[in-house]
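>>> Sequence below, structure please.
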Amino acid sequence: MGHGKLKMEMIWDEKTWYRTYKNRSKGLKKKIHELSTLCDVEACMILYHGDAADGPYSSRPDVWPENRDEVEQIINRYLNERKEDDRKKTLDLSNVLGSTYLWSD
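Model prediction:
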């Protein structure tokens, strides 16, 4: 039989929330692993629920891949590429003022 449409709203019951969180995060980890393997892409995932520190469950983030060095490497590569993209989009006026076409008669 097919499943009914899932009502998208916050789960307030703590035990139900935790069970759903664990099951869904496990599914996401599996999907991101499949994506990175099948498509040969670097991927990482960080799930963090800061409010969990108030309850009985750990506030430690769920991270994939589990190797911290891999995650840091992917994040640093992303941040460095973003910096390069930002530099490419920035117009440096010294290049414009020094160009010969601007001063030709």
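
>>> which helices and strands does the helix or strand hosting residue 72 pack with?
For residue 72, the host element (DSSP states H and E) is helix 68-89. When contacts are defined as 3 or more Cβ pairs under 8 Å, 6 or more residues apart in numbering; DSSP states H and E, helix 68-89 packs onto no helix or strand at all. For glycine as for every other residue, the C-beta is placed from the backbone atoms N, C-alpha and C.

>>> in that helix, what's buried?
residue 71 (16 or more other Cβ atoms under 10 Å).

>>> Let's see that helix as CSV, backbone CA atoms only.
Output of helix 68-89 as CSV, limited to C-alpha atoms (Å, rounded to 0.1, in the frame of the first residue of the first chain):
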residue,chain,number,x,y,z
ARG,A,68,36.9,15.3,10.6
ASP,A,69,39.9,15.9,8.4
GLU,A,70,37.9,15.2,5.2
VAL,A,71,35.1,17.5,6.3
GLU,A,72,37.6,20.3,7.1
GLN,A,73,39.3,19.8,3.8
ILE,A,74,36.0,20.0,1.8
ILE,A,75,34.9,23.1,3.7
ASN,A,76,38.3,24.9,3.3
ARG,A,77,38.3,24.1,-0.4
TYR,A,78,34.8,25.5,-0.7
LEU,A,79,35.7,28.7,1.2
ASN,A,80,38.9,29.2,-0.8
GLU,A,81,36.9,28.9,-4.1
ARG,A,82,34.3,31.4,-2.8
LYS,A,83,37.1,33.8,-2.1
GLU,A,84,38.4,33.3,-5.7
ASP,A,85,34.9,33.9,-7.1
ASP,A,86,34.6,37.1,-5.1
ARG,A,87,37.9,38.4,-6.4
LYS,A,88,36.9,37.7,-10.0
LYS,A,89,33.7,39.7,-9.5
